[in-house]
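> What follows is a predicted structure for the sequence shown.
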Amino acid sequence: MNLASLANSLGTRLDEAISIALAAEAGALTDALRDILGTAPGGPHSHPWQQTGTLHDSIAADISNTEAVIGSNDPVAVLQEHGTPKLSPRPSFGPLAAVAGPGIAHRIGEAAMAALRGEH
Amino acid sequence: MDDYLIGIRIALDNGVSAGLAAIRADLAVLDRAVSQSAEGLRALGTLAPPAPSPSKPPPTAAAAGATSDAASTAPAKLPSPSPSEPPRRAAPIIRIDPPSSSPPQAIIAPPALPSAPPQTSAVPDAPTVAAAAAPSADAPVAARIPSLAPPRAVSPASASRPGAAATSNAPPSSSVTPSWLDAPAAPSGGAMPSPASQPTAHAPPPSSHAAQPVGGDVYLDGERLGHWLANHLAREANRPSAGGTSFDPNLGISWPGAAQGGQ
């Protein structure tokens, strides 16, 4: 194997590893967000209580090679996140992103290094 | 992200893959160069003669005999000194290079100071008028040392002449008179003799080493260790003293109230 082929295979392996790690992290983040929005009434009210389950079910994720988005199209999610004049904010996305962000970056980086070392 | 009203976005910046893509063309060129070099090495290997095999064929009987003869005549190894004999080491060689024309004892004899009184008046080679010229500072030491001065051609008549005795450094007459002074006396009465009849006293011709320094180098094992220069030492010893002969109060700090400068 010549150097050009080695570089090609190395780049392909790295892209695959990053994509897999990103998908795994996005899935874990989606599950964590659904757990937060599934708080039953009477529980900690720092998060929204689950009433009908519409907000819980609206959580979805779109994953590409180097980008992943976990979000919701439910307008109630925005009202709960930012609050209203009559409703105090009960954020879910922001605190979860702040807490889980460094761990996500560390784990994806470890996966990339393992791919470069050939441990994939 | 645009599909959601609210959400979390994870965006990665994969610079490694971009870097690999950037050097991919260079790596292809390098691969071609390596392959060409490998081809050249293979072609060179085909042109070079095969290397001899390390295993030697068994020697024949004649070759074995020749080998045994050679082993019997030639020493197996270089002779080494016996264990009881200590290893020899070249002793250091000290070499002193004196000038070719100056005797080495010139550095042993102390130079005579100008103020030194004459030894005796019976010195046969006392300097005369012609030889009494003050030796220059560059003159060799031997010329200024009476004991080392070369013999001078001194005429007995000139040595006994009163005029010559008055202007020369020769000591006055003494009770000891050398036999060579028994020569015919100079004409008395104060009349100057004619130049033809006057015995002449002349200084010896300058030696060949007059302008050469009386000195040399000291070598040890080929390394120059030092330099000795006798005429320099003699000149320093013969020079007039530059210091005072009595206590100079101006040289030191005087106490308050002390008289200074004879006032």
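Alright, I've got the coordinates. Residues are numbered from 1 along each chain as shown, chains lettered A, B, ... in the order given.

> From here on, just use CA atoms for contacts and neighbour counts.
Noted.

> Is B:Ala25 in contact with A:Ala7, as I believe?
No. Using Cα atoms under 8 Å as the test, B:Ala25 is too far from A:Ala7 to be in contact (10.2 Å).

> For B:Val29, grab the count of nearby residues.
For B:Val29, the neighbour count with other Cα atoms under 10 Å in any protein chain shown is 14.

> how about it, phi and psi?
phi -60, psi -40 (degrees, to the nearest 10).

> OK, contacts around it?
By Cα atoms under 8 Å, 6 or more residues apart in numbering or on different chains, B:Val29 lies in contact with nothing.

> near chain A, which residues of chain B show up?
B:1, B:3-14, B:16-17, B:20-21, B:24-25, B:27-28, B:30-31 (Cα under 8 Å from any Cα of the partner chain).

> Just the ones of these in strands?
B:6-11 (DSSP state E).

> Weed out the non-buried ones from those residues.
By neighbour count, with 16 or more other Cα atoms under 10 Å in any protein chain shown, these hold B:6-10 as buried.

> got any ranges where chain B has weak pLDDT?
Low-confidence segments of chain B, defined by pLDDT under 70: B:1-2, B:50-214, B:244, B:249, B:260-263.

> tell me which strands and helices the helix ranked longest in chain A is in contact with?
When chain A is parsed with DSSP state H, its longest helix is helix A:3-37. Where contact means 3 or more Cα pairs under 8 Å, 6 or more residues apart in numbering or on different chains; DSSP states H and E, helix A:3-37 is packed against helix A:54-57, strand A:60-63, strand A:67-72, helix A:93-116, helix B:15-22, helix B:24-47.

> Would you mind giving the orientation angle of that helix with respect to helix A:93-116?
150 degrees (axes from the mean of the first three to the mean of the last three Cα atoms, to 10 degrees).

> Could you tell me the angle between helix A:3-37 and helix B:15-22?
160 degrees.

> in helix A:3-37, what's buried?
Those would be A:3-4, A:7, A:10-11, A:13-23, A:25-27, A:29-30, A:32-34, A:36-37, for helix A:3-37 by 16+ other Cα under 10 Å.

> quick one on the thing from earlier: let's have the buried ones among the ones in strands among the residues of chain B next to chain A in a markdown table, adding distance to A:Gly83.
Listed next are these as a markdown table, based on distance: Cα to Cα, whole Å:
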| residue | distance to A:Gly83 |
| --- | --- |
| B:Ile6 | 13 |
| B:Gly7 | 16 |
| B:Ile8 | 18 |
| B:Arg9 | 21 |
| B:Ile10 | 24 |
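
> for these, which one is nearest chain A?
Nearest to chain A out of these is B:Gly7 (Cα to the nearest Cα; 3.5 Å).

> Run a quick check on that closest one versus A:Asp74, I expect a contact.
No. Counting by Cα under 8 Å, no contact exists between B:Gly7 and A:Asp74, whose distance comes to 10.7 Å.

> What residues sit buried inside stretch B:236-255?
So for stretch B:236-255, counting by 16+ other Cα under 10 Å, buried means B:Asn238.

> what about that stretch, start to end distance?
End-to-end distance of stretch B:236-255: 36 Å, with Cα to Cα, to the nearest Å as the criterion.

> cool, stretch B:18-32 as well?
22 Å.

> same thing with stretch B:11-18?
End-to-end for stretch B:11-18, by Cα to Cα: 16 Å.

> Just the closest residue of the stretch 101-250 of chain B to chain A, please.
B:Glu223 (62.0 Å).

> partner residues bridging that residue?
In this structure, B:Glu223 bridges to B:Leu220 when assessed by DSSP bridges.

> Just give me the closest of the buried ones among the ones in strands among the residues of chain B next to chain A to B:Ala230.
B:Ile10 (96.6 Å; Cα to Cα).

> Okay, that closest one and A:Ala61: tell me how far apart.
On the measure of Cα to Cα, B:Ile10 and A:Ala61 end up 11 Å apart.

> ok, now which ones touch the residue of chain A at minimum distance from chain B?
For chain A, the residue closest to chain B is A:Gly71, as judged by Cα to the nearest Cα, at 3.5 Å. Taking Cα under 8 Å, 6+ apart, we find A:Gly71 in contact with A:58-61, B:1, B:4-8.

> Buried ones from the residues you listed, can you make that a ChimeraX selection?
If you want just the buried ones from the contacts of A:Gly71 in ChimeraX, going by 16+ other Cα under 10 Å, the selection is:
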select /A:59,60,61 /B:1,4,6,7,8
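
> is it possible to export the contacts of A:Gly71 to JSON lines including distance to B:Asp217?
Converted to JSON lines, these look like this (distance: Cα to Cα, whole Å):
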{"residue": "A:Ser58", "distance to B:Asp217": "107"}
{"residue": "A:Ile59", "distance to B:Asp217": "103"}
{"residue": "A:Ala60", "distance to B:Asp217": "102"}
{"residue": "A:Ala61", "distance to B:Asp217": "98"}
{"residue": "B:Met1", "distance to B:Asp217": "97"}
{"residue": "B:Tyr4", "distance to B:Asp217": "102"}
{"residue": "B:Leu5", "distance to B:Asp217": "103"}
{"residue": "B:Ile6", "distance to B:Asp217": "100"}
{"residue": "B:Gly7", "distance to B:Asp217": "98"}
{"residue": "B:Ile8", "distance to B:Asp217": "94"}
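
> re the thing from before, leaving aside the residues adjacent along the chain, what's closest to the residue of chain A closest to chain B?
B:Gly7 (3.5 Å; Cα to Cα, 6 or more residues apart in numbering or on different chains).

> Please list all residues in contact with that neighbour.
Per Cα under 8 Å, 6+ apart, neighbours of B:Gly7: A:69-72, A:93, B:1.

> Could you rerun that using 7 Å?
A:69-72, A:93 (Cα atoms under 7 Å, 6 or more residues apart in numbering or on different chains).

> Adding pLDDT, write these out as TSV.
Shown next, in TSV, are those (pLDDT from 0 to 100):
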residue	pLDDT
A:Val69	95
A:Ile70	95
A:Gly71	94
A:Ser72	93
A:Phe93	94
